[in-house]
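Asker: Predicted model, plus sequence, below.
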Amino acid sequence: MTATAADWHAAADTLTFRGEALIDGRRVPAVSGETFASHSPVDGRFLADIAACGAEDVDRAVAAARRAFTDGRWARRAPAERKAVLVRFAELIRAHRDELALTETLDMGKPISDSTSIDVRAVANCFAWYGEAIDKVYDEVAPTPSDSVALVTREPLGVVAAVVPWNFPMLMATWKVAPALATGNSVVLKPAEQSSLSALRLAELALEAGIPEGVFNVVTGAGPEVGRALGLHMDVDGLFFTGSTRVGKIFTEYAGQSNLKRLGLELGGKSPNIILSSYRDIAHAARTSAGSAFFNQGEMCTCPSRLIVERSVHDQVVEVLLEEAKGFQPGDPLDPATRMGALVDDAHAGKVLSYVETAREEGAIIATGGARTRPGAYVAPTVVDGVRNDMRVAREEIFGPVLSVIAVDGLEEAISVANDSPYGLASAVWTDDLTTAHRVSREIRAGLVYVNCYDCDDLTVPFGGFKESGIGRDKSLHALDKFTELKTTWIRLG
Ligand code: NAD
């Protein structure tokens, strides 16, 4: 049976949440006893009191993770055994699809159809994928002289911390937790304070699937408390962060002030999306561009927020964008027909709208949107036209449904505008010319280049950015390198 909006509302009314941290296999309050209230951006309902953890709680979680790592209860299990547990974990996630999807939607406002068909599905697939991969990865024997043997082996880092944002709460955590667990590490995860609930539930399901106590811990609380304590911790071997460039830079300082822990940083973006007049189907390019800019309420690190359009097709593109925006008017996130839900909270909605105001002051044209559609965090899809690349709306990450249109004259200017940004996460070009496609792909300084698409996605490819968009890559087999140390063992023969 297909669930209706009424079914989801009824399910939401019966769902209850627990906000304690999960340390060493048990749900525990913060040592201080302090909590903070979590409310849903969907309708303001109270969800749970979340443990406001601090440095002492981080110490407890790191100590539990270290004990688990040192006694080898997970790290020394055969890869095939870890695989079996991770595959079972993925099955449990699938079995709890509706509960997890509802949790995600209530906690951060995204449409329920996205939570079920994208978030939960991708999370389960990711645990299964790294589980399936881990007993097929071989180490090396080096081509040394014949009087010796040198083994080059990968070992888990040890205690790994993950600090993640709220836009895809479970999925961003999973991109780190799945390869970290597959390679035998113990993990301490800190979810964003706006969206702690699905991470806590995920860690409970991990225990049920057979991941031993202490191997996957979740510590909730504020970034400057819990995130900082993890970043500065002397017994955390690697810290893997997804979030803003501002906070990413702070993590590099924490690492330098503590034990030079390994860092992985997946940061912000201001992704350029170039539509060239030579592309055979301008309307299709514009439709896809709008869909990708407004997907997830625009709360996407890869949001194609700078639409760079050749002037000769500008009017045609804008006309399609305005038409598409109509289909993304914010609706009830629990209605399966809704394509755009609520932003994560009212404060964030206010920040997004302040950028629109600034754009207006700088001389850009608000072609549609630019306002709340109802009280709370519901913001209309917004198209800002007549943008220059030096305006704040084109330079700073807004992280909301705001699409800036920049008209250019020809390919050279398009590439130059695309690269004129401190960020380098994703990018796209729409062209039927093979040479142009290759040229743009080579010249754009970004970790991802889409040609004639913006919505391709697969676990098999690495994900991450150039420049201030980060250091390192999530996803694919390359992620296994992040969570392992290389060891060389020399053996003299005879
Ligand atoms: P944020 O940087 O404000 O917070 C991310 C995490 O860092 C949260 O858990 C937060 O509690 C913690 N934190 C905040 N201040 C801290 C501090 N001083 N010390 C330690 N930890 C601290 O980001 P956000 O608003 O939650 O998420 C939006 C950002 O995430 C955007 O910039 C977006 O582009 C980025 N993002 C990047 C990717 C990627 O893969 N590149 C994916 C998703 C989101």
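Answerer: Yep, it's here. Since this is a predicted model, take the numbers as computed values, not measurements.
Asker: and the residue lying closest to G227 once chain neighbours are set aside, how far is that from the ligand?
Answerer: Nearest non-adjacent residue to G227, counting by CB to CB, 6 or more residues apart in numbering: V163, 4.8 Å away. Heads up, the C-betas are built off the backbone N, CA and C, glycines and all. To the ligand, V163 is 5 Å away according to CB to the nearest ligand atom, to the nearest Å.
Asker: From the structure, what's the count of residues near V163?
Answerer: Around V163 there are 27 other residues, counting by other CB atoms under 10 Å.
Asker: ok, it - contacts?
Answerer: K190, G223, G227, L230, G231, L239, F240, F241, T242, G243, F251 (CB atoms under 8 Å, 6 or more residues apart in numbering).
Asker: so where does R228 fall, helix or strand?
Answerer: helix 228-232 (DSSP states H and E).
Asker: Around the ligand, pick out the residues from the protein.
Answerer: For the chain, the residues in contact with the ligand (CB under 6 Å from any ligand atom) are 163-167, 172, 190, 192-193, 223-224, 227-228, 231, 242-244, 247, 250, 266-269, 301, 397, 399, 425, 465, 470.
Asker: contacting residues for A55?
Answerer: Counting by CB under 8 Å, 6+ apart, A55 has contacts E225, A229.
Asker: Quick check, D474 in contact with E266.
Answerer: Yes: D474 lies in contact with E266 (CB atoms under 8 Å); the separation is 5.9 Å.
Asker: got any residues that touch both of these two?
Answerer: Common neighbours of D474 and E266 (CB under 8 Å, 6+ apart) are W175, T242, F463, G464.
Asker: ok, the last one - how many residues close by?
Answerer: For G464, the count of nearby residues is 25 (other CB under 10 Å).
Asker: do the third one as well
Answerer: Here the neighbour count serves as a burial measure; for F463 (other CB under 10 Å) it reads 22.
Asker: gap between I118 and the ligand?
Answerer: 14 Å.
Asker: State the distance from that residue to L343.
Answerer: 18 Å (CB to CB, to the nearest Å).
Asker: Likewise for N259?
Answerer: From N259 to L343 the distance is 37 Å (CB to CB).
Asker: between the two, who's got more neighbours?
Answerer: A direct count of neighbours by other CB under 10 Å for N259 and L343 places L343 higher, at 29 against 14.
Asker: thinking the more buried one is in contact with K110, fair?
Answerer: No: between L343 and K110 there is no contact under CB under 8 Å: 9.7 Å.
Asker: if I look at the two, which residues touch both of them?
Answerer: Looking at what touches both L343 and K110 (by CB under 8 Å, 6+ apart), the common residues are Q297.
Asker: quick check: domain ranges of the chain?
Answerer: 5-267, 272-463 (automatic domain parsing).
Asker: so how many other residues sit close to K249?
Answerer: Neighbour number of K249 under other CB under 10 Å is 12.
Asker: what bridges to the residue nearest to G227?
Answerer: Note on V163: beta-bridge partners by DSSP bridges are K190, F241.
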